[in-house]
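In: Mind looking at a prediction? Sequence and model below.
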Amino acid sequence: MLSNKEIFQQFADKVVPELQKVSKRFANSIESEVSDNELKILASPFIRTLIDGRRPTSPTAPKGNPTLQQIIRKWIDEKSITPKANSNGNIPTKDQLSWMISKSIHVNGDLLYQRGGGNNIFDSILTPKRTEDLLTLLSNKFYTEVISIVK
């Protein structure tokens, strides 16, 4: 019979890669800690922005590393986004575009935040059924151990 730690580890080995796959930017921060009595799935505290969006920035907030503008600039390159001309026919550079987007996010939050968040991308992975199956495995193991002691 599997130990609690082995049951937790099997669950973590299945779930963590799925969480990493949908988390993209935060994938490297997702990991599990398994012991005989506990399973923890850990991630960056900023992973919550994938569910609720990014709030406007506090005026006293320290600069991040990388900055939001640097993150947006990299995203522009990854998505091969080409800036378009404004009403005056001026075409911003990619650096100017990244500055404008990051400035808007700093002031207003991102679109997910503006729409009220609630986009839990993890619901399809950490389902009630999966949790119930894990608890069933553990309770069956515990029941078998108790029965063997009582006999």
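Out: Received, thanks. Note that the structure is predicted; figures quoted are calculated from it, not measured.
In: ranges for the helices of the protein?
Out: Secondary structure of the chain (DSSP state H): helices located at 4-23, 49-52, 68-78, 94-108, 111-114, 128-150.
In: Can you get me a residue count around residue 19?
Out: Each residue near residue 19 was counted by other Cβ atoms under 10 Å, and the total is 21. C-betas here are computed from N, CA, C, even on glycine.
In: my bad, should have said residue 49
Out: Per other Cβ under 10 Å, the neighbour tally for residue 49 reads 18.
In: ok, now which ones touch it?
Out: 110, 112 (Cβ atoms under 8 Å, 6 or more residues apart in numbering).
In: mind redoing it with 7 Å?
Out: Contact analysis of residue 49 by Cβ atoms under 7 Å, 6 or more residues apart in numbering lists nothing.
In: if I look at it, how far off is residue 94?
Out: The gap separating residue 49 from residue 94 is 23 Å, by Cβ to Cβ, to the nearest Å.
In: can you check residue 19 too?
Out: 31 Å.
In: same deal with residue 82?
Out: Between residue 82 and residue 94 the computed distance is 8 Å (Cβ to Cβ).
In: Break the chain into its domains for me.
Out: As assigned by automatic domain parsing, the chain contains the domains 1-55+117-151, 57-108.
In: would you list the ones you listed in JSON lines and tack on mean pLDDT?
Out: Listed next are the domains of the chain as JSON lines, based on pLDDT from 0 to 100:
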{"stretch": "domain 1-55+117-151", "mean pLDDT": "93"}
{"stretch": "domain 57-108", "mean pLDDT": "93"}
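In: Tell me which of residue 82 and residue 94 has more neighbours.
Out: Neighbour comparison, residue 82 and residue 94: the larger count goes to residue 94, with 14 against 9 (by other Cβ under 10 Å).
In: No more questions from me, cheers.
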